[in-house]
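Asks: Please find the sequence and the predicted model below.
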Amino acid sequence: MKSVNQYLILLLWLVSSLSFAQAQEDCLSIQDDYVSLIESGKFRFANTQANNANGEPLASINFDKLSSYQAYLDGAYQVVVNKNPRANMPCPVVTKTYQQLAIKNQWSKTPKISQLVAPFELAQENNDKAILLIHGLTDSPFSFHDLSQFFYQQGFTVRTLLLPGHGVAPSELLNTDYENWQQAATFAIDQTLNDYQQVYLGGLSTGGALIFNYLMQQQQVDEKIKGLFMWSPASKAKSDLAWLAQYIDGIPFVDWIDLDADIDFAKYESFPYNAAAQVHALMNLVVGEGANASRQMHDIPLFVVASEHDQTIDTAHTLQLVQQWQLASPIEQMKKSMLIYYGDNNKLPSKLVDVMKVIVPECSAESLCSEIFDVAHIATTNSPNNPHYGVNGQYRNCGHYVTDAPRYKACKHNKQVIKGEVTAMNLTRDLPMQRLTYNPYYQEMLEAMTVFLTNTD
């Protein structure tokens, strides 16, 4: 009898130990399991049983039936909770924005992934001015946790939008259309214009393309819009083969360009052909040959942040678009616009310096930027102090090595790595390269943004 009891005690201990280990799994600990996660695709697919509180399916937002922005925020959060396979996973990545939201919503000190990727609002006590921030392809509103604090401290109500197909799992982008993104952006912009006296619009990458697209469809724009913020705005893909994605996506069972571990809670790592096809179609509406004749330019001041070495978007194409936008504005408005350019100012379009203020930051030997090999497309909005993407963040972006297992492992674990954009030159360097996920010139950017807001308020 004694031996039986001993076996029972041992069994109970094993079960409790396993339960404890499972309970301790969080968004940081799963990063060590990237090899099996690449193979299994555990976090690559959304939950298919998505129900609301009444047991009815809630897989998407019906923007036509929303009564307020708060109704949108509530519904979007519920979609994330229902469909994201990691929605309830603890994630000890605590930003100032999360702390502010936690007080408002009575959340715990340790975030859940759903709370970090869902759209949010930091509201002032008045309706004087607001900024709407729209993230990029494969991203989430977490991209704006740092910048939201800057705008809130400037007296803005800060609103963010979660684009359909995002904040859940990469499989959601297998069937998402760019029209879904347009509908979401239109709702968010129109609702914010309805609710506030002064409005600024800000977009990262695809978010910027959506804002341009919205405005270019308007014969006249609301005078409440005082300025646009564009970080790495999407115009034309860096790859000349991006247009092929729409055709490859039509081949049965050929769905994915990249299959990665998907350990980044805030940004998809696996990438489907359909996502590339949809953003290509959206960008064509902004800069395509067929769009040029019908699009409307407006005299709204621009604040643009772009890197010459961006390997996602063709920055030269973006700067041509910016120059065209500026040339459609009166001189008084042109002078308010600003471009922060991380690159060689000799590569700028010849007329650009005449139609807006251009800042090319210099890097001193003792600065954070001195150890950086070019500013990456995905880095512009994040502070070096970001607890996930910043200097001391545990996460490393290494997806460019996903087909090279030894280099991928070295990028993830080596003490000595370099940081920068995934240019051909950087990938040939001796040390493995971690794609840069924070802006080494972040503070200088905030100072320039302050000037822009002063000039346009």
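Replies: In hand now; what should we look at? Residues are numbered from 1 along each chain as shown.
Asks: okay, CA-based contacts and neighbour counts for the rest of this
Replies: Noted.
Asks: Quick one: the strands in this protein, in order.
Replies: Using DSSP state E, the strands of the chain run over 121-122, 129-134, 157-161, 198-204, 225-231, 256-258, 271-272, 302-307, 338-342, 357-359, 372-373, 418-420, 433-435.
Asks: Quick test: name the residue nearest the centre of this protein.
Replies: residue 139 (3.5 Å; CA atoms, centre = their mean).
Asks: before we move on, the earlier item: now for the strands of the chain, which one comes closest to residue 214?
Replies: strand 198-204 (11.0 Å; CA to CA).
Asks: Helices along the stretch 251-400 of the chain, start to end?
Replies: In the stretch 251-400 of the chain, the helices defined using DSSP state H, counting those that start in this stretch lie at 273-287, 289-292, 315-327, 331-334, 352-355.
Asks: Out of the strands of the chain, which is closest to residue 78?
Replies: That would be, of those and by CA to CA, strand 157-161, which comes in at 14.2 Å.
Asks: Direction included, what does that closest one pair up with?
Replies: strand 121-122 (antiparallel), strand 129-134 (parallel) (DSSP bridges).
Asks: Reformat these as a markdown table; add mean neighbour count, distance to residue 71 and mean pLDDT.
Replies: Output for the strands paired with strand 157-161, formatted as a markdown table (neighbours: other CA atoms under 10 Å; distance: least, CA to CA, whole Å; pLDDT from 0 to 100):
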| stretch | mean neighbour count | distance to residue 71 | mean pLDDT |
| --- | --- | --- | --- |
| strand 121-122 | 18 | 12 | 98 |
| strand 129-134 | 27 | 16 | 98 |
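Asks: could the ones you listed go into TSV alongside distance to residue 248?
Replies: TSV is the format used below for these (distance: least, CA to CA, whole Å):
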stretch	distance to residue 248
strand 121-122	38
strand 129-134	28
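Asks: For the stretch 101-250 of the chain, which residues score under the pLDDT cut-off?
Replies: 240-247, 249-250 (pLDDT under 70).
Asks: let's see 80
Replies: Counting by pLDDT under 80, the stretch 101-250 of the chain has low-confidence residues at 239-250.
Asks: so where do the helices sit in it?
Replies: 113-117, 145-153, 178-195, 206-216, 245-248.
Asks: looking at the ones you listed, which is closest to residue 262?
Replies: Nearest to residue 262, of all the helices of the stretch 101-250 of the chain, is helix 113-117, at 13.1 Å by CA to CA.
Asks: which helices and strands sit right next to that closest one?
Replies: Counting contacts by 3 or more CA pairs under 8 Å, 6 or more residues apart in numbering; DSSP states H and E, helix 113-117 is packed against helix 69-83.
Asks: So what touches the helix it packs on?
Replies: Helix 69-83 is contacted by residues 46-52, 58-61, 63, 66, 87-88, 114-115, 118-120, 162, 167-169, 188, 191 when judged by CA atoms under 8 Å, 6 or more residues apart in numbering.
Asks: got the angle between it and helix 178-195?
Replies: 150 degrees (axes from the mean of the first three to the mean of the last three CA atoms, to 10 degrees).
Asks: Pull out the buried positions in helix 69-83.
Replies: By 16 or more other CA atoms under 10 Å, the buried positions in helix 69-83 come out as 69, 72-73, 75-83.
Asks: again, but for stretch 349-360
Replies: Of the residues in stretch 349-360, 352, 355-356, 358-359 count as buried by neighbour count, 16+ other CA under 10 Å.
Asks: could I get these as TSV with pLDDT?
Replies: Formatted as TSV, these follow (pLDDT from 0 to 100):
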residue	pLDDT
352	92
355	94
356	96
358	97
359	97
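Asks: closest to residue 328 among these?
Replies: Nearest to residue 328, judged by CA to CA, of those is residue 355 at 10.1 Å.
Asks: ok, now which ones touch that closest one?
Replies: 323, 326-327, 331, 334-335.
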